[in-house]
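[1] how would this look folded up:
(4 chains)
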Number of protein chains: 2
Amino acid sequence: MTDHSCTTPTNAQPVLCETELVAVLVCISHNTPHILTLEHGRSFPSGPLMVEHRSLQKGMRTWVEHQTGLKLGHTEQLYTFADPRHGHGHQMVRISYMAFIRQNSEHTLAAHSIYDYFPWEDRRDPDSTPLLHTIANRLRLWTSGNAQRWQRCATVFGLDGHSWNDELSLQRYELLWEAGLVAESHWQNVPLLPGLSMAHDYRRILATALSRMRAKIRYTPAVFDLLPVQFTLLQLQQAMESLAGRFMHKQNFRRLVQQQKLVSQTAEYDSPVQGRPAQLYQFAPEMAEHCYLAGAKLPLPAIS
Amino acid sequence: MTDHSCTTPTNAQPVLCETELVAVLVCISHNTPHILTLEHGRSFPSGPLMVEHRSLQKGMRTWVEHQTGLKLGHTEQLYTFADPRHGHGHQMVRISYMAFIRQNSEHTLAAHSIYDYFPWEDRRDPDSTPLLHTIANRLRLWTSGNAQRWQRCATVFGLDGHSWNDELSLQRYELLWEAGLVAESHWQNVPLLPGLSMAHDYRRILATALSRMRAKIRYTPAVFDLLPVQFTLLQLQQAMESLAGRFMHKQNFRRLVQQQKLVSQTAEYDSPVQGRPAQLYQFAPEMAEHCYLAGAKLPLPAIS
DNA sequence: CTATATATGCTCTTAATGAGTATATATAGC
DNA sequence: GCTATATATACTCATTAAGAGCATATATAG
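    Numbering: from 1, shown residues only, chains lettered A, B, ... in the order given. Model (predicted):
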């Protein structure tokens, strides 16, 4: 074969695509990560790619900021996928982004808790443990016999002595999808798991976003884009906890944060209804080019 | 604003895009990671998206395997980007993938060492240390005065007592790009750094791939898709070293691998020219759903 | 029996992590 | 002042992982 045959692999025509930019906008409210949605929680804000956009990321930023009036913090590309069921002669390509929005921003879009879509991912919620028992049982039925497949379930869902890894939320959703336990793939006559579903592949995108944000907040200062400019250390901890979906050890968390000098004190204090007012801090970007905010976990109830 | 205004952000027409799938094909030869290239190392194999492709990933896989005869191992999507300089009335969108190819595979494409493109990334090479001194000096000139910018350089390049983080190769390339030190952005009359350049944004894609593979081999068994089915532990170590661009501590590396039971012995042995023949091992996928292969590093020479 | 590799065993230090106990501090309301 | 309610700290301790070094087997070619 020649060099050039590789750039034109078949004799078919190149396809023109409709291209859509999809935005997963994340904010924290009521101690839980939320996403801004349309169509009663079934869809994300999205818009077509324009010629005038210099780059994809900037294109997304500008139209979201223009349309919603929101200022976007930490932004990253998630995944690009094609919709095969689109028909119409040409393909539909969706490029998805995740962006953080500072707490207390005003917006007109509806917000849903991420854990409304993935109730098993919030290990702070006592109800998640019985739910994970249910999931374990359903998966055991599904894998029946296939040891390797069960092995996969066990490591991904933290069964059989494996530990729970909060960053595996995408793999968990994919397994449930394969097992036909979620609405998007419900081909079996088994009872559905609780959890809202979405249009297209959007719930998969959301699972990707959850994985990605859990990984990101660990080793970058991205959480600070979700918090108000001034915050208490408890707020910071609870933001981390809400994203990770698990509780953390207070003293150890503070040790971590303060050793790295990630935050600096302000002169101001919180005004609580009752109790000692907490000191307000702010992010100290000088030292935080690389930061590490994990490693202060509390034990999780074992599953199965 | 209404719900729906968000899905049609401006009154302009949706743009139809040419969509291209770009493949970064990685293999190891001569103890160094290589990529398969076209156009004398300036371009990656790529092909247009076809209507008949069920998913993007499968589309990429099938045409690469069909055209090159190569079997692809671990595959992941890297990044999607638009080419603004494309003109022609419509946009050009490129979706890039990275795929691993097993050592000793036959192929007809030209292979270049990844470190031909990023000589500063191979800390095994004694020449990399003086090169990083040069880079540090150039960056110091560029940042002159701007303390925050220098701080960024220092953490990313492991200067001023910061440690070298091999996963930051993308950030390093981006900094050099911003500083006008690479061919793709050479707007200053400063001498260029050594290193091959590529067409379009391709060298940036390659830096992304390098970052991504360095991160991936750490906590997944992806390296095994680069090695022959049977390999010696030294080969495994050297594969890790070649990707990470740094040497590892032999005893500690073996401790790590064997504690996790990632590999199983075979009855066969290597046939060396001289010396004791090394035992051949193979990947043991049962236990390796989650694995950890870092943490056996040797000290690096300090920079600056 | 020597040169050349590979392959192991064992020890030691340091640092990070998870976890627990106890106590100090600041407010509101009575 | 006392109490309830929070927040904020100070220490300590055990366990484990990670980095590093020293010494010694073992198997082949020539």
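[2] please report how far A:S55 lies from DNA strand D.
    When distances are taken as Cβ to the nearest atom of the strand, to the nearest Å, A:S55 and DNA strand D turn out to be 36 Å apart. For the C-beta atoms, the positions are set from N, CA and C on the backbone; glycine is no exception.
[3] quick one: the helix or strand where A:M240 lies near DNA strand C?
    For A:M240, the host element (DSSP states H and E) is helix A:233-244. No. For helix A:233-244 and DNA strand C, the contact criterion (Cβ under 7 Å from any atom of the strand) is not met; the two come no nearer than 11.4 Å.
[4] what's the answer for stretch A:197-214, then?
    No. For stretch A:197-214 and DNA strand C, the contact criterion (Cβ under 7 Å from any atom of the strand) is not met; the two come no nearer than 14.3 Å.
[5] report the rounded mean pLDDT for that stretch.
    Taken as a whole, stretch A:197-214 has an average pLDDT of 96.
[6] am I right that A:V22 is in contact with A:Y97?
    Yes. Using Cβ atoms under 8 Å, A:V22 is in contact with A:Y97, at 6.9 Å.
[7] pLDDT score for A:Q91?
    76.
[8] nearest residue to it other than its sequence neighbours?
    By the measure of Cβ to Cβ, 6 or more residues apart in numbering or on different chains, the closest residue to A:Q91 outside its immediate chain neighbours is A:C17, 4.6 Å from it.
[9] moving C-terminal of the helix holding A:M240, what's the next helix or strand?
    Beyond helix A:233-244 on the C-terminal side, the first helix or strand identified by DSSP H and E is helix A:250-259.
[10] pLDDT on that following helix, on average?
    Model confidence over helix A:250-259 averages 92 on the pLDDT scale.
[11] what is the subsequent helix or strand relative to that helix?
    Following the chain from helix A:250-259 toward its C-terminal end, the next helix or strand by DSSP H and E is strand A:263-269.
[12] and that following strand, what does it pack against?
    Using 3 or more Cβ pairs under 8 Å, 6 or more residues apart in numbering or on different chains; DSSP states H and E as the contact criterion, the elements in contact with strand A:263-269 are strand A:279-283.
[13] let me see the mean pLDDT of the strand it packs on.
    Computed over strand A:279-283, the mean pLDDT rounds to 94.
[14] does chain B sit close to it?
    No. With Cβ under 8 Å from any Cβ of the partner chain as the criterion, chain B is not reached by strand A:279-283; the gap is at least 13.9 Å.
[15] ok, and what's touching that strand?
    A:221, A:224, A:229-233, A:236, A:262-266, A:268-270 (Cβ atoms under 8 Å, 6 or more residues apart in numbering or on different chains).
[16] mind picking the two most distant members of those?
    A:P221 and A:Y269 (23.2 Å; Cβ to Cβ).
[17] so for these two, which residue has more residues nearby?
    Using other Cβ atoms under 10 Å in any protein chain shown, the more surrounded residue of A:P221 and A:Y269 is A:P221, with 21 against 13.
[18] okay, that one and chain B: tell me how far apart.
    A:P221 sits 12 Å away from chain B when distances are taken as Cβ to the nearest Cβ, to the nearest Å.
[19] now do the nearest residue to that residue once chain neighbours are set aside against B:G158, distance only.
    Excluding the flanking residues, the one nearest A:P221 by Cβ to Cβ, 6+ apart is A:A288, at 4.5 Å. Using Cβ to Cβ, to the nearest Å, one gets 17 Å for the distance from A:A288 to B:G158.
[20] average pLDDT across stretch A:165-173?
    The predicted model gives stretch A:165-173 an average pLDDT of 94.
[21] what about it and chain B, touching?
    Yes. Applying Cβ under 8 Å from any Cβ, one finds stretch A:165-173 touching chain B at A:N165.
[22] what's near enough to touch the residue in the stretch 51-200 of chain A that DNA strand D sits nearest to?
    For the stretch 51-200 of chain A, the residue positioned closest to DNA strand D under Cβ to the nearest atom of the strand is A:S163, at a distance of 11.1 Å. Taking Cβ under 8 Å, 6+ apart, we find A:S163 in contact with A:L300.
[23] in which helix or strand would I find the residue in the stretch 101-250 of chain A that chain B sits nearest to?
    Residue nearest to chain B within the stretch 101-250 of chain A: A:T155 (4.0 Å; Cβ to the nearest Cβ). Secondary-structure assignment from DSSP H and E places A:T155 in helix A:147-157.
[24] isn't A:P119 up against A:P130?
    No. Contact status for A:P119 versus A:P130: not in contact, 10.7 Å apart, counting by Cβ under 8 Å.
[25] quick check: mean pLDDT of stretch A:36-49?
    Per-region confidence: stretch A:36-49 scores 92 on mean pLDDT.
[26] quick check: closest non-adjacent residue to the residue nearest the centre of chain A.
    For chain A, A:L210 is the residue whose C-alpha lies nearest the centre (Cα atoms, centre = their mean; 1.8 Å). In space, not counting the residues next to it along the chain, A:L210 is nearest to A:S169; the distance is 4.4 Å by Cβ to Cβ, 6+ apart.
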